[in-house]
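[1] attaching a predicted model along with its sequence, questions to come.
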Amino acid sequence: MASAAGALRPHGHATASSGHRNAASSRILYVTPEIADFVKAGGLGDVSAALPRALRAAQCDVRILIPGYRQVLRQCNGMEVVGRLSGLADIPPCEIAQVRLSDGLIAYIVLAPSLYDREGTPYGDALGNDWGDNDIRFARLALAATDIAAGQAGLSWRPNLLHLNDWPTALAAGYAAWRSVPVPSLLTIHNLAYQGLFGPDCIGRLGIPSDAFHINGVEFHGKVSFLKTGIAFASQISTVSSTYAQEITTAEFGCGLDGLLRVRAGEGRLTGIINGIDPSWDPSRGDGIASAFDSQDLRGKERNAEQVRSDFGLAVSRGPLFAVVSRLVHQKGLDLMVGAAETVVRAGGQIAIMGQGEPAVERELGALAKRHPGEISLKVGFDATEARCMFAGSDFLMMPSRFEPCGLSQMYAQRFGSLPIARRTGGLADSIEDGLTGFLFRAVSVDSCLEAVTRAFNVFGNRDIFMAMRRSAMARNFSWTKPALSYQQLYGRAIDGFPRQRVA
């Protein structure tokens with residue numbers, strides 16, 4: 001661990017000025033399976049909407065590539081077909097459409113109706129089942145990115161770097177290597193736990209060279225791993241916090257890929273860059289909340305708390321209001337919150353929970369709410385406006401995650417004066433100052449979580465300390481400006497280090 005961690009490059013690491021200069025004039029194709037403008041399933045959608053815009057503001061020529069889901073097609077105005085690409089093996093041909101968004105950002109849409117024009121999420125149907133052809137669906141996206149970089153789409157614009165995001169796009173790094181496309185790539189890992197694993201029979205369907213199926217290629221425990229392919233072939237790899245970049249080189253967090261990631265770290269090709277949040281997360285703007293407020297006048301925060309209690313059917317109370325806004329899955333450590341909930345209620349606190357996910361977790365939280373009517377309430381599902389009001393109205397946000405690559409909720413909460421109670425892992429460790437803007441605990445245990453909850457209650461009982469922490473949290477700067485600069489530096493490193501003639 002020590003040797004690997006020593007090779008990791010944290011965000012903001014100084015690089016050669018030539019790298020920054022090259023990145024500023026680069027043409028970046030930002031390849032993503034989701035973007036909040038059209039469709040999102042998680043935090044990647046928010047990042048994909050915010051980071052390219054921050055890079056454009058820093059004079060990078062960034063364009064988006066996204067599949068032509070039904071949600072995308074419904075919302076695109078002025079879409080124009082600008083290119084066509086042939087298929088490969090069982091991957092069908094596609095068209096490339098272009099749309100210019102209201103702020104000028106250009107998005108390319110992969111038009112393959114048989115793959116994307118269907119009801120559901122980017123990854124599965126309305127019941128939460130993965131699409132059975134996800135290997136072909138996302139290989140089509142990855143291959144389109146590679147062929148656009150190779151100049152085969154007939155576009156008037158060609159990227160000189162591919163920015164890939166998570167397993168649905170990672171295969172592009174492999175296609176670029178196998179087809180000798182002279183364009184470097186950066187793969188950002190938003191969550192290593194999701195790897196895009198498919199049976200070895202997909203090799204023929206996806207046009208993957210048969211000799212790539214080995215331990216140093218696409219093979220992972222007898223299956224094809226899209227994410228491992230990206231890690232094996234991308235020019236640079238980043239992940240979404242410095243702490244998570246170190247964690248994934250260990251067996252505990254590496255999901256079986258820690259050995260390869262240690263190698264990449266040793267080569268100086270693994271970087272941690274924490275995400276930012278967009279300017280709308282400023283409570284003084286009042287966007288989407290019951291009442292605007294700021295750190296000097298918190299009366300609006302009280303009105304938001306009243307709104308949350310009303311929305312969730314909680315009793316009127318002067319005790320602290322705890323919020324949980326989360327996917328309801330094992331990763332999020334909500335069993336620790338359940339273990340601490342009895343103490344919260346006995347001490348006069350209330351808990352409002354919103355999210356959806358694994359049925360077993362939903363049932364456990366539903367049973368908890370039934371045991372404490374008026375004090376604990378659960379809403380299964382997600383409503384962006386209600387979630388924003390929860391950040392604005394709560395006193396504390398609970399995020400007891402077993403692991404958290406970056407996390408955005410803890411940033412939203414701090415900007416809105418809600419102090420996060422979170423485990424010291426990944427981006428939570430990097431974005432919460434223990435005892436100053438929130439409360440961190442180490443062990444994956446109810447006792448450790450309870451210790452942080454007890455500290456939160458003690459602070460809540462001391463108004464001067466509580467208000468000082470709240471103001472410190474609200475003063476945090478989580479803008480995309482610094483992360484965008486770090487990505488520019490990383491683009492420059494990828495381009496400068498690329499061993500072949502670059503695209504003219």
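    Noted; the coordinates are in hand.
[2] ok, residue 204 touching residue 89?
    Yes - using Cβ atoms under 8 Å, residue 204 makes contact with residue 89 at a distance of 6.3 Å. No exception for glycine: its C-beta is placed from N, CA and C like everyone else's.
[3] what about these two, which has more around it?
    Comparing residue 204 with residue 89 by other Cβ atoms under 10 Å, the one with more neighbours is residue 89, at 15 against 11.
[4] bridged to residue 99, which residues?
    The bridge-partner assignment for residue 99, based on DSSP bridges, gives residue 107.
[5] ok now do it, which residues does it touch?
    By Cβ atoms under 8 Å, 6 or more residues apart in numbering, residue 99 lies in contact with 76, 77, 78, 79, 80, 106, 107, 109.
[6] could you check how far the closest residue to residue 151 other than its chain neighbours is from residue 32?
    Nearest non-adjacent residue to residue 151, counting by Cβ to Cβ, 6 or more residues apart in numbering: residue 158, 5.2 Å away. Distance, residue 158 to residue 32, by Cβ to Cβ, to the nearest Å: 19 Å.
[7] who has more neighbours out of the two?
    Taking other Cβ under 10 Å, residue 158 and residue 32 do not tie; residue 32 has more neighbours (27 against 16).
[8] dump the residue contacts of that one.
    Residue 32 neighbours (Cβ under 8 Å, 6+ apart): 44, 48, 64, 65, 66, 165, 169.
[9] so the third one: helix, strand or coil?
    To tie it back to what came earlier, the one meant is residue 64. strand (DSSP: H, G, I helix; E, B strand; the rest coil).
[10] once you drop chain neighbours, what's closest to it?
    What sits nearest to residue 64 in space, not counting adjacent residues and going by Cβ to Cβ, 6+ apart, is residue 107, at 4.1 Å.
[11] what's the neighbour count on that neighbour?
    If we define neighbours as other Cβ under 10 Å, then residue 107 has 22 of them.
[12] wait, it touches residue 98, no?
    Yes - using Cβ under 8 Å, residue 107 is in contact with residue 98, at 7.3 Å.
[13] scan the contacts of residue 99 and report the most crowded one.
    Counting neighbours by other Cβ under 10 Å, residue 109 leads the contacts of residue 99 with 27 neighbours.
[14] so how far is residue 30 from that residue?
    Relative to residue 30, and taking Cβ to Cβ, residue 109 is found at 13 Å.
[15] contact partners for residue 137?
    Per Cβ under 8 Å, 6+ apart, neighbours of residue 137: 67, 115, 116, 131.
[16] and those, which is closest to residue 240?
    residue 67 (22.0 Å; Cβ to Cβ).
[17] beta partners for that closest one?
    The partner residues for residue 67, given DSSP bridges, come to residue 110.
[18] isn't it up against residue 141?
    Yes - contact between residue 67 and residue 141 holds when scored by Cβ under 8 Å: they sit 5.4 Å apart.
[19] between these two, what contacts are shared?
    33, 110.
[20] ok, now which ones touch the nearest residue in space to residue 166 that is not next to it in sequence?
    Distances taken as Cβ to Cβ, 6+ apart place residue 190 nearest to residue 166, at 5.1 Å, with adjacent residues excluded. Applying Cβ under 8 Å, 6+ apart, we find residue 190 in contact with 43, 44, 47, 165, 166, 239, 240, 405, 406.
[21] phi, psi of residue 190?
    Main-chain dihedrals, residue 190, degrees, to the nearest 10: phi -90, psi -30.
[22] return the distance of it relative to residue 170.
    Distance from residue 190 to residue 170, by Cβ to Cβ: 11 Å.
[23] cool, residue 328 as well?
    27 Å.
[24] of the two, who's got more company?
    Set residue 328 next to residue 170 and count neighbours by other Cβ under 10 Å: residue 170 wins out with 30 against 23.
[25] quick one: residues contacting that one.
    142, 164, 187, 196, 226, 227, 229, 230, 231, 234.
[26] buried residues of stretch 191-205, list them for me.
    191, 192, 194, 195, 196, 197, 198, 202, 203, 205 (16 or more other Cβ atoms under 10 Å).
[27] ok, stretch 154-171 next?
    In stretch 154-171, counting by 16+ other Cβ under 10 Å, buried: 158-171.
[28] pLDDT value on residue 41, please?
    Note for residue 41: predicted pLDDT of 88.
[29] residue 118 and residue 70 touch, don't they?
    Yes - here residue 118 reaches residue 70: they are 6.3 Å apart, a contact under Cβ under 8 Å.
[30] for residue 170, see how far away residue 185 is.
    Going from residue 185 to residue 170 by Cβ to Cβ gives 9 Å.
[31] quick check: neighbours shared by those two?
    When contacts are counted by Cβ under 8 Å, 6+ apart, the set common to residue 185 and residue 170 consists of 164, 230, 234.
[32] Three-state assignment for the first one, please.
    In other words, residue 164. Going by three-state DSSP: residue 164 is strand.
[33] nearest residue to it in space, please, no chain neighbours.
    Per Cβ to Cβ, 6+ apart, closest to residue 164 is residue 187, 4.6 Å.
[34] which SS class is that neighbour?
    Relying on three-state DSSP, one would call residue 187 strand.
[35] surely it touches residue 234?
    Yes - contact criterion Cβ under 8 Å: residue 187 and residue 234 qualify, at 3.9 Å.
[36] which neighbours do those two share?
    With Cβ under 8 Å, 6+ apart as the test, residue 187 and residue 234 both reach 164, 170, 173.
[37] and the helix or strand hosting the second one, how far from the chain's centre?
    So that's residue 170. Using DSSP states H and E, residue 170 falls within helix 167-178. With Cα atoms, centre = their mean, to the nearest Å as the basis, helix 167-178 stands 20 Å off its chain's centre.
[38] lovely, talk soon.
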